[in-house]
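Trainee: 3D model of this:
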Amino acid sequence: MYRASASIHIHFAHHVRGHSGPCISLHGHTWKFEVVLEAKTLSAEGFVVDFDLVHSDVLVPAFNLLDHSLAIGQATWADTEKLLEPLGEVLVKSRQETLGHRGERQPGLEGELAGAANRYPGGIKIALFPFTPTSERLASWLLEVAAARFNDERVRVVTGRIFETLHPAETIAEYWA
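Mentor: Numbers count the residues shown, from 1 in each chain. As a prediction, the model looks like this:
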């Protein structure tokens with residue numbers, strides 16, 4: 001059995017709705033998203049799956065969705081959408097002081113990715129998920145995104161792995177097919 005994995009680092013914040021501890025507050029991490037694939041035989045080119053395809057079809061879209069965003073779930077969005085609009089306006093308006101204008105809207109994902117999408121209340125970037133974005137749920141979501149693209153008669157996506165913290169010690173959540 002051959003195994004191959006590909007990963008990407010993404011900087012974003014999240015909110016864990018209803019958390020009993022400090023994760024109730026908005027806070028950020030440098031995350032690593034990793035996909036593990038396996039196959040009994042290699043492609044004609046000698047790959048489980050070409051790493052370039054894993055990056056372009058799974059990891060880069062996840063990066064575009066999440067990079068420098070606030071990741072929240074649908075329930076939190078429903079409670080805060082009207083509050084985030086004026087907050088976003090104030091935060092983005094601060095560019096006027098340094099740039100002399102409001103600047104460009106931060107790039108994001110066009111459309112949806114396995115139920116997740118970007119919103120821009122007042123100009124700030126939100127990554128909206130149909131669930132509260134904990135590491136464990138993001139690992140399951142990542143596997144779903146990769147499996148929709150790569151699972152076939154030869155290749156199986158084995159794991160979605162999320163590294164929430166890399167230093168000083170790693171904290172990792174995994175979801176196995």
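Trainee: what helices or strands is the longest helix along the chain leaning on?
Mentor: Assignment by DSSP state H gives helix 74-93 as the longest helix of the chain. With contacts defined as 3 or more Cβ pairs under 8 Å, 6 or more residues apart in numbering; DSSP states H and E, helix 74-93 has these neighbours: strand 126-129. Bear in mind the C-beta positions are built from the backbone N, C-alpha and C, glycine included.
Trainee: and the next helix or strand past the strand it packs on?
Mentor: Going down the chain from strand 126-129, the next helix or strand is helix 135-150, by DSSP states H and E.
Trainee: pull out the buried residues from that following helix.
Mentor: 135, 137-147, 149-150 (16 or more other Cβ atoms under 10 Å).
Trainee: reformat those as TSV; add distance to residue 166.
Mentor: Formatted as TSV, the buried residues of helix 135-150 follow (distance: Cβ to Cβ, whole Å):
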residue	distance to residue 166
135	12
137	19
138	15
139	15
140	21
141	20
142	17
143	20
144	24
145	21
146	21
147	25
149	26
150	25
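Trainee: let me know the closest of the residues you listed to residue 47.
Mentor: Checking the buried residues of helix 135-150 against residue 47 with Cβ to Cβ, the nearest one is residue 150 at 11.2 Å.
Trainee: what's the pLDDT at residue 169?
Mentor: Predicted confidence (pLDDT) for residue 169: 83.
Trainee: what's near enough to touch it?
Mentor: Listed by Cβ atoms under 8 Å, 6 or more residues apart in numbering, residue 169 has no contact partners.
Trainee: before we move on, the earlier item: now do the longest helix of the chain, average pLDDT.
Mentor: For helix 74-93, the mean per-residue pLDDT is 97.
Trainee: quick one, strands of the protein?
Mentor: 2-14, 27-39, 70-73, 117-119, 126-129, 155-165, 171-176 (DSSP state E).
Trainee: neighbouring strands - and their directions - for the second one?
Mentor: Each strand paired with strand 27-39, and its direction, by DSSP bridges: strand 2-14 (antiparallel), strand 155-165 (antiparallel).
Trainee: ok, now the fifth one?
Mentor: Here strand 126-129 has these sheet partners by DSSP bridges: strand 70-73 (parallel), strand 117-119 (antiparallel).
Trainee: for the longest one, give me every contacting residue.
Mentor: Here strand 70-73 makes contact (Cβ under 8 Å, 6+ apart) with 12-15, 17, 26, 80, 124-133.
Trainee: tell me the confidence at the residue nearest to residue 76 when sequence neighbours are not counted?
Mentor: Leaving out its chain neighbours, the residue that sits closest to residue 76 by Cβ to Cβ, 6 or more residues apart in numbering is residue 17, at 5.1 Å. As summarised for this prediction, residue 17 has a pLDDT of 95.
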